[in-house]
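Take this sequence and fold it.
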Amino acid sequence: MSIKLDSIDAKILHVIQNDAALSVAEIADKVGLSSSPCWRRIKRMEEDGIIKQRVTRLSREKLGLDFEVFVAVKLAMPNKDNMEKFEQAIQTMPEVVQCAVVTGAVDYMLRIVTSDMHAYDRFLREKLLSFSLVSDVQSRIALRQAKDTTALPLNLISSAVPPI
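Model prediction:
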């Protein structure tokens, strides 16, 4: 269910998705509001679930976690119960930073982050392939990121405004 936003809401979202560390006063200044109405709008968007969380993006490379793999996973028997079991299991695997249920020849696409090929091999053997529901895994090692953003395309929502 989509929630209607006005142009000020869209401006606030644009500002905070690019820098969530800004104070309410700084956000308000950038969007042309005073602090109190800006805070109320942010609070409403948090309560409505539009703003899910505010996080800090870390440098995988500087932390030694620069080995990234995209993994296509096929379940042996993809039914509701098995899918729920698989999805619960991957919640406990910190190496899985994203998981999408997909259409086509496979059931899931995972984005895995580890320190190196050996760590990925351990993850694959000890975690993913030890899970009896998995029948096939196809790995694609990422050579480099051509684009890496968490910013949503706010220009696609009807109330969006050009970037500030």
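
Domain map for the protein?
Domain ranges of the chain: 7-56, 67-141, per automatic domain parsing.

mind checking the end-to-end distance for the longest one?
Same thing as domain 67-141. 8 Å (Cα to Cα, to the nearest Å).

How far off centre is that domain?
Its chain's average C-alpha position is 16 Å from that of domain 67-141, according to Cα atoms, centre = their mean, to the nearest Å.

wait, which of the domains of the chain is closest to residue 151?
Among the domains of the chain, the nearest to residue 151 by Cβ to Cβ is domain 7-56 (5.1 Å). Placement of C-beta: from N, CA and C, glycine included.

The closest one spans what distance, first to last residue?
26 Å.

same deal with stretch 38-58?
27 Å.

go on, stretch 94-106?
For stretch 94-106, the first and last residues are 22 Å from each other (Cα to Cα).

Report the rounded mean pLDDT for that stretch.
For stretch 94-106, mean pLDDT is 97.

Could you point out which of the domains of the chain sits nearest residue 147?
domain 67-141 (13.3 Å).

The spatially most distant residue from the centre of the chain: what's its closest spatial neighbour, skipping adjacent residues?
Within the chain, the residue lying farthest from the chain centre (Cα atoms, centre = their mean) is residue 34, at 31.1 Å. Distances taken as Cβ to Cβ, 6 or more residues apart in numbering put residue 28 closest to residue 34, at 5.9 Å, once the chain neighbours are dropped.

so which strand or helix has the closest residue to residue 142 other than its chain neighbours?
Excluding the flanking residues, the one nearest residue 142 by Cβ to Cβ, 6+ apart is residue 68, at 4.1 Å. Assessed by DSSP states H and E, residue 68 sits inside strand 67-75.
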